[in-house]
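In: I need the structure of the sequence given here:
(chains A and B)
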Amino acid sequence: MRIADKMQYEQVKTNVGKNRTTMSELQNQAATQKRVTKPSDDPLASSRVLANRIDLQGNKQFSKSLNYAKSFLEYTDQSLGDLSEVMMRAKELAISQANDAGANEDSRRAVAIEIEQLYNQMVNIGNRKLGDRFIFGGFRTQAAPFDTKGEYKGDPGEMNIHIDKEAFLAMNVPGGRVFLGAGIDRNGMAKPTTPQARSIEELEVQKMGGQPQAPGRGQGPVEAREPASILGFKGPTPDPAPKAQPQSVPAPPVAEEPGGVNLFRVIKDLEIALRTNDKAGVQDTLNHLDDGLNQVVLTRAQVGSRGTVLDNFMQTLEKAKVDNQITISQLEDADIFSTVSDITKTENTLQATLQTSGKLIQPSLLDFLR
Amino acid sequence: MSRIWSMMDVGRRSLANSQTALQTTAHNVANKSTEGYSRQRVDIVTNQPVGEGRLRLGMGAKASQVNRTNNEYLEKQLEAEGNYLGYHTARSEMLGRVEQVYNEQVNKGLNHSLGNFFNSFRELSNNPESLATRTAVKESAEFLTKDFNRVHTQLTEIQNDADFRISLKVEEINQTTREIAQLNAKVQTVELNGTPANDERDRRELLVKKLGEKVSIKSAEGKDGMLTISVAGTGVLVSGHSQRDLSTAATPGRNGKREGNIDVFYKSTDHSTPVNITKQIKGGELGGLLEVRDAVVNEFIGGMDTLAYKIAEEVNMAHVQGYDRAGRTGNAFFETSYGVDGAAENLKVSELVSNDVGRIAAGAQPDAPGDNRMANVLSGLQFKGVFNDGKTTLDDHYNSMVGKIGIEAQRANSAQESQADILGQLKNLRESISGVSIDEEMTKMIEFQKSFDASARLVRTADEMMDTVLSLKRM
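Out: Next up is the predicted model:
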């Protein structure tokens, strides 16, 4: 083949250029520790990296939310613990005053004063705040849920927290339920919590008739609604009761119909029985006190189980976060050992190219002509 | 005696021939690095011999013509491959820029702000009473809208830059065609008497190749040696001595082209109306630029618009049914005064919300400050399939755009690289045929120097012989 001078120069230029390009790419990899620095380096990897990054970002937020829900639940649990202690104390006192062996009118009157204190303590527990939020007020977190008469000003709202892509967890217990027994059936079983609506359509359904406390549905017996409630999804039931209000005007929150025990009333009854030295009345309240205590303990168990769920999710999330990071790293990070060895290899090639290029260009017939 | 004279004559002509050849060698050496140059050779042929009785005497040599060494088909092929290279280079450069808009490997981009936006609703759901979390929602939403605006602006900037480069290329095309028309005239004049116009043809071939890099052309040489060049099927740019300019002008939008981007026009005579030939322009840098500007970038602008519109639509649909801090309902979260087209450009948090974060609707019922149900619905939007009959989420939609530009850019880059290789090999082949080799020229130089020496010796010998003849008489 005929070799023109320009060919040689062009060849040298191309080869040195190629080596230098490879070198600079590798150097960039070594400096950034990244194999993929723009989508076209590896389109598939870069879009998977993005998907993983957004997962990671979401998971970080989910763990933040989990921590927040956890503190809320822990405080609720603690308050319920205090509440059950109050109930225990009331029960102890009621037992001690339920017979004439160790009690008389005077002692009953004295105990009545303590019971009144317990009553106040219960109202205080019901009005506990975490930060600036009343924990037992349902959605009405900005006003004290209980007045001194033990009337509930809150609503039955459950604050669901988004804790995973598809999971929500209620972090509060509406005071109407644990204090007044609303939403608890006659067997003392707490009804399942309202699932978080995933879309506005689901929310509509819930507003229309899904929630047990929807207006105009108070007539039917509590038990009658159970099967639908247990399924979790509560479509409009064939209830002959008047239809819910139009969609655009949502139901004003109405207190849940009590199905369980009204703790305030029980304590109040006890106090009155003691004041009036009504032994039979005190004995009567014993049963109610037991039911009430049961109600608190059951609710507390529910809160505890939510805590467990939460911990499980937390562990899963932590693992998912690590997994995300590992996947991202595997997809976009440079393998530093192979990069360095590639650099050495390219360096050698470059040197060889430069040396041979020098030899190729130098001699010409001109060097031998005199 | 006549032999001595004719010997002197042959010697003299041979001296002239050697000089001509050396002159051509010098020309070759001088143009060793000239782009598009083809090495030249003097065709030396034997002179017409003279018959003298039974003898037929050779009368030496003469330089008949200076030719260039050149392969016409290779030049054609070079033009065609250069055309592809121009196309792929322009494409890969432009796609590289589009890619940078979507590059989140180094910077945080829309993917990140989208995640932040939904996270802010999760934070709101944790604490709907707080003004701080509400402000965070507003801030993240405004950041998201700005990011949409940014992407849109960057994409249109790429289009405007493409416009700038297109008008530059069109100007270059005009200059090139003008020069080709001038060279046509020169080639014609020079070749009228049969002398090949080597340097002019070299230059003209180079210009045609350069023109081919810019746009797909058709060229044909007539009998008079003049090139006719046409573009986009019908637009004759060069015909003989005459040449027609292309021009550019901003035009209204049409399917696949955004309003305000420029089109390329051709006028067949000075007084005819310019014809829009943009759609017919294929290949070359111009073709690549037009394709990326119209087909690719507009598709991405459309994708961003769809995404922005969907976000605004879905968020608003839920948000207007929610209740804000003061129990009001029907608040729109995003401004809704635009359609799908231009959504990314115009996406904006509604006045209502941006003036008063209390207007953000977190709840599903009034008079319930702790109600976070609507915030939860909004936070769940991130994982809801909203495109393709519920198969694709907002994130997926965006990520698939990133994947798509990545693939397009990767393909364009590798096409460009392999095309550059092909062209490099062809250029090598061309140099191998037409390029100047110093070794070769030096050899030729020695050869013709020697032949010059020898011819001079011949003349001297003839001179001496003549002397001898003249001195016969004295002796």
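
In: mind listing the strands for the stretch 51-200 of chain A?
Out: Chain-ordered strands for the stretch 51-200 of chain A, with DSSP state E, counting those that start in this stretch as the definition, fall at A:129-130, A:133-134, A:160-164, A:167-170.

In: if you skip the residues just before and after it, what's nearest to residue B:57?
Out: The shortest distance from residue B:57 to any residue other than its chain neighbours is 5.0 Å, reached at residue B:50 (C-beta to C-beta, 6 or more residues apart in numbering or on different chains). Where C-beta positions appear, they are placed from N, C-alpha and C, glycine not excepted.

In: separation between the one you found and residue B:3?
Out: Counting by C-beta to C-beta, to the nearest Å, the gap from residue B:50 to residue B:3 is 11 Å.

In: before we move on, what about residue B:156?
Out: Residue B:156 sits at a distance of 87 Å from residue B:3 (criterion: C-beta to C-beta).

In: and for residue B:372?
Out: Distance check for residue B:372 against residue B:3: by C-beta to C-beta, it reads 121 Å.

In: before we move on, what about residue B:298?
Out: Distance check for residue B:298 against residue B:3: by C-beta to C-beta, it reads 85 Å.

In: give me the more crowded residue out of the two.
Out: Taking residue B:298 and residue B:3 together and counting by other C-beta atoms under 10 Å in any protein chain shown, residue B:298 has the greater number of neighbours (20 against 11).

In: so for that one, what's the pLDDT?
Out: Among the per-residue scores, residue B:298 holds a pLDDT of 93.

In: and the helix or strand hosting it, anywhere near chain A?
Out: Element membership of residue B:298, judged by DSSP states H and E, is helix B:298-319. Yes: between helix B:298-319 and chain A, judged by C-beta under 8 Å from any C-beta of the partner chain, the touching residues are B:317-318.

In: can you give me the buried ones in that helix?
Out: By neighbour count on 16 or more other C-beta atoms under 10 Å in any protein chain shown, the buried set for helix B:298-319 is B:298, B:300-301, B:303-312, B:314-316, B:318-319.

In: tell me where the stretch 151-300 of chain A has helices.
Out: Counting by DSSP state H, counting those that start in this stretch, the stretch 151-300 of chain A forms helices over residues A:175-180, A:200-205, A:226-231, A:263-275, A:279-332, given from the N-terminal end onward.

In: ok, residues contacting the lowest-mean-pLDDT helix or strand in chain B?
Out: Counting by mean pLDDT, DSSP states H and E, the weakest-scoring helix or strand in chain B turns out to be strand B:50-52, with a mean of 86. Strand B:50-52 has contacts (C-beta atoms under 8 Å, 6 or more residues apart in numbering or on different chains) with B:6, B:56-57, B:59.

In: max pairwise distance over those residues: which two?
Out: Greatest spatial distance among these (C-beta to C-beta): B:6 and B:56, at 13.3 Å.

In: which of the two has more neighbours?
Out: Ranked by neighbour count (other C-beta under 10 Å), residue B:6 and residue B:56 place residue B:6 first, with 15 against 10.

In: distance of that one relative to residue B:55?
Out: Relative to residue B:55, residue B:6 is positioned 12 Å away (criterion: C-beta to C-beta).

In: what of residue A:156?
Out: In this structure, residue A:156 and residue B:55 are separated by 134 Å, where distance is defined by C-beta to C-beta.

In: more neighbours: which of these two?
Out: residue A:156 (22 against 8).

In: can you give me the angle the longest helix along chain B makes with helix B:298-319?
Out: The helix of greatest length in chain B, counted in residues with DSSP state H as the criterion, is given as helix B:131-191. Put simply, helix B:131-191 runs at 160 degrees to helix B:298-319, going by axes from the mean of the first three to the mean of the last three C-alpha atoms, to 10 degrees.

In: whichever residue of the stretch 251-370 of chain A sits closest to chain B: what's its closest spatial neighbour, skipping adjacent residues?
Out: Taking C-beta to the nearest C-beta as the measure, the point where the stretch 251-370 of chain A comes nearest chain B is residue A:365, at 4.1 Å. Excluding its sequence neighbours, the residue lying closest to residue A:365 (C-beta to C-beta, 6+ apart) is residue B:442, at 4.1 Å.

In: tell me which helix or strand that neighbour sits in.
Out: When secondary structure is defined by DSSP H and E, residue B:442 falls within helix B:438-471.

In: and that helix, how far from the chain's centre?
Out: For helix B:438-471, the separation from the chain centroid amounts to 55 Å (computed by C-alpha atoms, centre = their mean, to the nearest Å).

In: who are the packing partners of that helix?
Out: In this structure, helix B:438-471 makes packing contacts with helix B:2-30, judged by 3 or more C-beta pairs under 8 Å, 6 or more residues apart in numbering or on different chains; DSSP states H and E.

In: how far off centre is the helix it packs on?
Out: 48 Å.

In: helix B:438-471 and that helix, what's the angle between them?
Out: Using the same axes, to 10 degrees, the interaxial angle of helix B:2-30 with respect to helix B:438-471 works out to 160 degrees.

In: show me what contacts residue A:15?
Out: Applying C-beta under 8 Å, 6+ apart, one finds that residue A:15 lies in contact with A:353, A:357.

In: pLDDT value on it, please?
Out: At residue A:15, the model reports a pLDDT of 89.

In: between the helix or strand that it is a member of and helix A:279-332, how many degrees?
Out: Assessed by DSSP H and E, residue A:15 sits inside helix A:5-32. Between the direction of helix A:5-32 and that of helix A:279-332, the angle (the same axes, to 10 degrees) works out to 160 degrees.

In: give me the distance from helix A:5-32 to the chain's centre.
Out: Relative to where its chain is centred, helix A:5-32 has its mean C-alpha point 55 Å off (C-alpha atoms, centre = their mean).

In: identify each buried residue in it, please.
Out: Counting neighbours by 16+ other C-beta under 10 Å, the buried set in helix A:5-32 is A:5-12, A:15, A:19, A:22-23, A:26, A:29.

In: the stretch 251-400 of chain B: helices as residue ranges?
Out: If you assign secondary structure with DSSP H, counting those that start in this stretch, the helices in the stretch 251-400 of chain B sit at B:284-291, B:298-319, B:343-346, B:351-355, B:373-380, B:394-434.

In: in the fourth one, which residues are buried?
Out: When neighbours are counted by 16+ other C-beta under 10 Å, the buried residues of helix B:351-355 are found to be B:352-354.
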